[in-house]
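Engineer: When you get a sec, could you give me coordinates for this:
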Amino acid sequence: MAINTKAIKNRIKSVTNTKKITKAMELVSAAKMRRSVEAVLNTRTYAAMALDLMKHLSKIEKKPHYDLLEQRPVKNILVVLISSNRGLCGSFNSNIAKKTLLALQNKAELAKHIVAGEEDILPEGEVEVHIIGIGKKSYAFAKRNGYNLVSVYENIIGSKSYDKIVSISKEIIEDYKKGNYDKVLVAFTDYKSSLLQEAKIKQLLPISGTDLEEMLEDLGRNTDGASKVVKEEVMEEAYSIENYIFEPSEEVVVEYVLPRLVEIQLFQSVLESSASEHSARMMAMRNASDAARDMIDELNLTFNKARQAAITQEIAEIAGGAATLE
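Structural biologist: Prediction:
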């Protein structure tokens, strides 16, 4: 019995130390989450205004000389997969992996261009999928499912450096212009609240008015108070296209704005994923701390029962010995 109680005490000590670690990780993740959410909300208005500008540019989709608007039959799809660098963040990585895998299972549908008022542009032949990973976990996803991994960027998540995103965006844009890819998608986790994060896949290239409208609507939905800012400041009639004067010309402005639009969409996706990751990790560590506390309570109860049984047995042995002597 003594060995049993000693083993239980060691187990209690081990679980207590684990609880201290998970509690510390929860506090760190909570602090990082607050900073990430602040960054997300601070950039949403700018992102929404950029999307709104492009959505209202007069008849922009009827101008095929803009390379980033060209919709051609898809042979190669590039997916920018945003994951985390580390684990211990609950279902954060598994959710975005499942969402991406589910979408890529029907490549023919994913490769189709939907053109308003016209026939859809269907893919030609077999569609190849390529992955650019942001976060180490995207590497495992690409290798496990047999997709061509173009590159992996490990130090982007959690970073507020816009320059890194610009560099990746320029690489993607150049490859798209060269025809290496016919469609570019971004798979990320949209931050809704500290308790809710949603895995999403959005189209980056070619830039589509329909997708821009959907993204603008997403930015206007309730996300810890961001909806009021976006809807009041962006989606008013005051920002209609008639209030813009283009200098030196609309063509020059559009050629300059289109790459910026891709950059801000990718940057916003990274920020959303970063906030979602820290939220998921905070909740995972909180659940782990709660589980450790419950386990400690159960072990203490088991220890007390074992100690009481040992004392009772010792008393019985003493009473039996005394009765024998009499």
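Engineer: pLDDT below threshold where in the stretch 1-150 of the chain?
Structural biologist: 1-3, 47, 50-65, 115-120 (pLDDT under 70).
Engineer: Roughly how far does the closest residue to residue 139 other than its chain neighbours sit from residue 43?
Structural biologist: Leaving aside its chain neighbours, residue 139 sits nearest to residue 152 (5.0 Å; criterion: CB to CB, 6 or more residues apart in numbering). Glycine gets a C-beta too; all of them are placed from N, C-alpha and C. Between residue 152 and residue 43 the computed distance is 24 Å (CB to CB, to the nearest Å).
Engineer: what comes up buried for the helix or strand containing residue 163?
Structural biologist: Element membership for residue 163, per DSSP states H and E: helix 162-178. Neighbour counts over helix 162-178 (16 or more other CB atoms under 10 Å) mark 164, 165, 166, 168, 169, 172, 173, 175, 176 as buried.
Engineer: Mind listing the residues bridging to the residue lying closest to residue 79 once chain neighbours are set aside?
Structural biologist: With sequence-adjacent residues excluded and distances taken as CB to CB, 6+ apart, residue 79 is closest to residue 185, at 5.0 Å. Beta-bridge partners for residue 185, by DSSP bridges, are residue 79, residue 203.
Engineer: Same list, the buried residues of helix 162-178, but as a markdown table with distance to residue 265 and pLDDT please.
Structural biologist: Formatted as a markdown table, these follow (distance: CB to CB, whole Å; pLDDT from 0 to 100):
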| residue | distance to residue 265 | pLDDT |
| --- | --- | --- |
| 164 | 15 | 86 |
| 165 | 10 | 87 |
| 166 | 12 | 87 |
| 168 | 12 | 90 |
| 169 | 9 | 91 |
| 172 | 11 | 92 |
| 173 | 12 | 91 |
| 175 | 16 | 90 |
| 176 | 14 | 90 |
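Engineer: List the contacts of the residue nearest to residue 139.
Structural biologist: Contact analysis of residue 152 by CB atoms under 8 Å, 6 or more residues apart in numbering lists 132, 133, 134, 135, 136, 138, 139.
Engineer: in the one helix or strand it maps to, what's buried?
Structural biologist: Residue 152 is part of strand 148-153, with elements assigned from DSSP H and E. Using 16+ other CB under 10 Å as the test for burial, strand 148-153 gives 150, 152, 153.
Engineer: what does stretch 39-48 give?
Structural biologist: Neighbour counts using 16+ other CB under 10 Å place 39, 40, 41, 43, 44, 45, 47, 48 of stretch 39-48 among the buried residues.
Engineer: ok, the first one to residue 245 distance?
Structural biologist: Shown here: residue 39 relative to residue 245, a distance of 32 Å by CB to CB.
Engineer: so where do the helices sit in the stretch 51-200 of the chain?
Structural biologist: Per DSSP state H, counting those that start in this stretch, the stretch 51-200 of the chain carries helices over the ranges 92-104, 107-110, 137-145, 162-178.
Engineer: ok so, going back, export the buried residues of strand 148-153 as JSON lines, with columns for distance to residue 265.
Structural biologist: Output for the buried residues of strand 148-153, formatted as JSON lines (distance: CB to CB, whole Å):
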{"residue": "150", "distance to residue 265": "19"}
{"residue": "152", "distance to residue 265": "20"}
{"residue": "153", "distance to residue 265": "16"}
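Engineer: which of the residues you listed lies closest to residue 144?
Structural biologist: residue 152 (13.9 Å; CB to CB).
Engineer: bridging residues for that closest one?
Structural biologist: residue 133.
Engineer: what's the pLDDT at it?
Structural biologist: Residue 152 is assigned a pLDDT of 90 by the prediction.
Engineer: Distance of it relative to residue 182?
Structural biologist: As for residue 152, its distance to residue 182 is 22 Å (criterion: CB to CB).
Engineer: How about residue 74?
Structural biologist: 4 Å.
Engineer: ditto for residue 197
Structural biologist: Counting by CB to CB - residue 197 and residue 182 are separated by 30 Å.
Engineer: again with residue 253
Structural biologist: According to CB to CB, residue 253 stands 26 Å off from residue 182.
Engineer: Give me the distance between the two termini of stretch 179-188.
Structural biologist: 24 Å (CA to CA, to the nearest Å).
Engineer: Could you pull out the buried residues of it?
Structural biologist: 181, 182, 183, 184, 185, 186, 187, 188.
Engineer: residues contacting the closest residue to the fourth one other than its chain neighbours?
Structural biologist: Counting by CB to CB, 6+ apart, the nearest residue to residue 184 once its immediate chain neighbours are dropped is residue 205, at 4.0 Å. Each residue near residue 205 by CB under 8 Å, 6+ apart is listed here: 68, 172, 173, 176, 181, 183, 184, 262.
Engineer: can you check residue 151 too?
Structural biologist: So residue 151 contacts 132, 133 (CB under 8 Å, 6+ apart).
Engineer: do you know how far it is from residue 142?
Structural biologist: From residue 151 to residue 142 the distance is 10 Å (CB to CB).
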